[in-house]
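>>> Kindly return the folded structure for what I paste below:
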Amino acid sequence: MELAPFPVLAPLFLAAVLAALEHATNRHRILDLLSLATVAAVLVLDLLLLKRSLSGTVVYWFGAWTPMQGFPVGIAFVVDPVAALLALFAAFLTAMGFLYSWHRFKAIGTYYHTLMLLFLASMQGFCLTGDLFNMFVFFEMMGVTAYALTGYKIEDSGPLEGALNFAVMNSIGGLMVLFGIGLLYGITGGLNLAWAGAFLEGKAGGATVAAAFLLLSLGFLVKGAIVPFHFWLPDAHAVAPTPASVLFSGIMVQLGLYAVARIYWVVFSDALDPAPLRLLLLSAGAATAVLGAVMALLQRHLKRMLAFSTVSHSGMMLTGIALMDPSALAGTLLYLVGHGAVKGALFVCTGIILYHYNSVDEETLRGKCLPLKATGALFCLCGVALAGLPPFGTWAGKGVLEQSAESLGYGWLPPLFLICSAITGGVVLRAGGSLFYGVGSANFLSSSAPSSGKKEEPEAFEEKGATPRMMLLPLVLLIVVAVGAGALPQVQSSLAEGAARLADGKGYRATVLKGGAYAAAALPQPDRPDLAMGVAAALAALAVAGIFLAPPDAVRPLRGLRRALEGPVALLRSLHSGYIGDYTAWFLAGAAVMTLFAILSQ
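Numbers count the residues shown, from 1 in each chain. Have a look, this model is predicted:
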């Protein structure tokens, strides 16, 4: 299909045009219009690709260099429903970022539009490519543009420090991917995903193949903010402009997890014993979910709070992938869309608060956001959505995941999901009650946090009057998408088909290398997610928020517990020191343990 390369080519071309226009015009309106028009075109292209992929995987060979005697001498884009859906979602979130920054965004002084379009192009290519080395190239391109967006305000030390931590950690991750590519190339003699998988099919994997998978996975798990590779994400979110934060938490982190699923099912699923890999990834996902939730509870800086929430939900998504089951994969994809839309909406709400008050500090702003009634109501709605309230996509995706986990004998996962989603949702509700309704008082868990966000640089040209409608529009659209993902059966059936295709490595390889069409085995339709569990998760989130928003006298019995927690809280904060040397040490330790475990278990 000739349209396949254009979702990458269009933003790349316009990024170059806008880079030249930055010096030719000072009218941001022109740059805004051209940028948004480009993203709209990419949205249409991705929709067409998604529609086409549902009837058959699209394979596009650049330069018509099709396989010769079964060997792929050219580069291919392989568009199946999951790749097309993630590319579409990335384009949608980029559009929401441009709508938020429409005309008023102060940080668009130089190359903002160019960087956002380059970021979009890299995400499109990362989703659509069928070549491992090109996946690495787009991975690095995504990283470079993200570093630049994080450190956009170069006159401030905070953004530079956050961008540095981001760049160092993700560069180390990229190096791991490059080592894994070298090992895999040495084994298979090719870097096309389908070729590598066909070469390994039916062969005993052994230690070298296991090492290749772990090295590739480690690099992508850094992007996915999985413990102990997650330290960069809160530092980056704390200083990144709001549109970049929408993309970081809404789709970029999830693309790292998508890469792990893609390379496992296409390349390694027939060569490696899944049992130890399942144990390894499940353990990492569960630890990430718990640590992210606890760390979110300790924050008063709203952006860091939401970033740690993203870490927690990234862990939940990794557990869905780690089950190595197509039904669990379908639930993970649904959860990914629902969470990405809700988290994007929460960052837009935070951006609106920053627009009015030049602060994102929960304690400083307590009760001061009362005039922002619409934003406050939607912020709290997103809090219960994050916990899994029906009919949001978070509820539907988590419900499918829980059904799959129980059917596979992992009955401990649903309670873990309930606890972590209740904490992360409750933290948002705690902040909403404090900021918009003036409820509660300072508590030691968050009020003493070292990062407060009291004095933030304004992102907009003006900080007065009512909230601009163009800031509220993406907020509403993101919530509509989050509801649609959970309420529309068509979305869930499409994701189930996409998950079945993603998990069908043999069919993928046959389509790419032999040009044939294939139909993956249909997944059994899951039961409708339990409404009661969704309501229970939302009520649990309200209970978590209530503990922190209650008057001091009402929580006096908890003072002993609070004193007992002071030590562990101090330890957790010391681990997240902000020093890149500490983060690198944790990375190396985690990478060594995980790789050694995977090699010895094969």
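>>> looking at this structure, which helix or strand is least sure?
Least confident helix or strand of the chain, by mean pLDDT, DSSP states H and E, is helix 444-447 with a mean of 62.
>>> I'd like the average pLDDT over the helix or strand just after that one.
Next in sequence after helix 444-447, counting helices and strands by DSSP states H and E, comes helix 469-487. In this model, helix 469-487 has a mean pLDDT of 93.
>>> So which elements touch helix 469-487?
On a contact count with 3 or more C-beta pairs under 8 Å, 6 or more residues apart in numbering; DSSP states H and E, helix 469-487 meets helix 81-100, helix 326-357, helix 373-387, helix 393-407. C-beta coordinates here come from the backbone N, C-alpha and C atoms, glycine included.
>>> looking at these, which is closest to residue 36?
Proximity to residue 36, assessed across the helices and strands packed on helix 469-487 by C-beta to C-beta, is greatest for helix 81-100 (4.9 Å).
>>> Spell out, range by range, the strands that occur in this protein.
Taking DSSP state E as the criterion, the chain carries its strands at 58-61, 76-79.
>>> Could you identify which of those strands is most buried?
Highest mean neighbour count among those (mean count of other C-beta atoms under 10 Å): strand 76-79, with a mean of 25.
>>> Please name every helix or strand in contact with that strand.
For strand 76-79, the packing partners by 3+ C-beta pairs under 8 Å, 6+ apart come out as helix 28-55, strand 58-61, helix 112-128, helix 505-514.
>>> Please render these as JSON lines that adds mean pLDDT and distance to residue 366 to the earlier fields.
Below are the helices and strands packed on strand 76-79 laid out as JSON lines (pLDDT from 0 to 100; distance: least, C-beta to C-beta, whole Å):
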{"stretch": "helix 28-55", "mean pLDDT": "91", "distance to residue 366": "34"}
{"stretch": "strand 58-61", "mean pLDDT": "91", "distance to residue 366": "52"}
{"stretch": "helix 112-128", "mean pLDDT": "94", "distance to residue 366": "32"}
{"stretch": "helix 505-514", "mean pLDDT": "90", "distance to residue 366": "53"}
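>>> which of these is buried the deepest?
helix 112-128 (a mean of 27).
>>> for stretch 79-89, what is the average pLDDT?
Stretch 79-89 comes out at a mean pLDDT of 95.
>>> How about stretch 308-318?
What stretch 308-318 shows for mean pLDDT is 97.
>>> one step back: got the strands of the chain as JSON lines, with distance to residue 139 columns?
Formatted as JSON lines, the strands of the chain follow (distance: least, C-beta to C-beta, whole Å):
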{"stretch": "strand 58-61", "distance to residue 139": "20"}
{"stretch": "strand 76-79", "distance to residue 139": "16"}
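>>> So for residue 475, which of those sits nearest?
Nearest of the strands of the chain (C-beta to C-beta): strand 76-79, 30.6 Å.
>>> Next, the contact list for the residue lying closest to residue 7 once chain neighbours are set aside, please.
Nearest residue to residue 7, sequence neighbours excluded (C-beta to C-beta, 6 or more residues apart in numbering): residue 124, at 4.3 Å. Residue 124 makes contacts with 7, 8, 11, 42, 46, 87, 90, 91, as judged by C-beta atoms under 8 Å, 6 or more residues apart in numbering.
>>> Burial check on residue 2, number of neighbours?
The local packing of residue 2 (other C-beta atoms under 10 Å) involves 6 other residues.
>>> residues in contact with the closest residue to it other than its chain neighbours?
Nearest residue to residue 2, sequence neighbours excluded (C-beta to C-beta, 6+ apart): residue 60, at 7.5 Å. Neighbouring residues of residue 60 by C-beta under 8 Å, 6+ apart: 1, 2, 4, 5, 76, 77, 78, 79.
>>> so can I have TSV of those showing distance to residue 208?
Shown next, in TSV, are the contacts of residue 60 (distance: C-beta to C-beta, whole Å):
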residue	distance to residue 208
1	37
2	39
4	33
5	34
76	26
77	29
78	26
79	31
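>>> what's the most distant pair in those?
2 and 78 (15.0 Å).
>>> Quick one: distance of stretch 260-276 to the chain centre.
Its chain's C-alpha centre and that of stretch 260-276 lie 21 Å apart, by C-alpha atoms, centre = their mean, to the nearest Å.
>>> measure it end to end?
Length of stretch 260-276, first residue to last, C-alpha to C-alpha, to the nearest Å: 15 Å.
>>> So which bits of that stretch are buried?
For stretch 260-276, the neighbour count (16 or more other C-beta atoms under 10 Å) marks 260-272, 276 as buried.
>>> among these, which are in helices?
Using DSSP state H, the subset of the buried residues of stretch 260-276 located in helices is 260, 261, 262, 263, 276.
>>> Please look at the last one and residue 596 and confirm they touch.
No: applying C-beta atoms under 8 Å as the test, residue 276 and residue 596 come out as separate, 11.6 Å apart.
>>> what mean pLDDT would you report for stretch 395-409?
What stretch 395-409 shows for mean pLDDT is 93.
>>> same thing with stretch 592-602?
79.
>>> what sits up against that stretch?
205-207, 209-211, 213-215, 218, 272-273, 275-277, 280, 284.
>>> run the last query once more with 10 Å
Outside stretch 592-602, the residues that touch it by C-beta atoms under 10 Å, 6 or more residues apart in numbering are 176, 204-211, 213-215, 217-218, 221, 226, 228-229, 271-273, 275-277, 279-281, 283-284.
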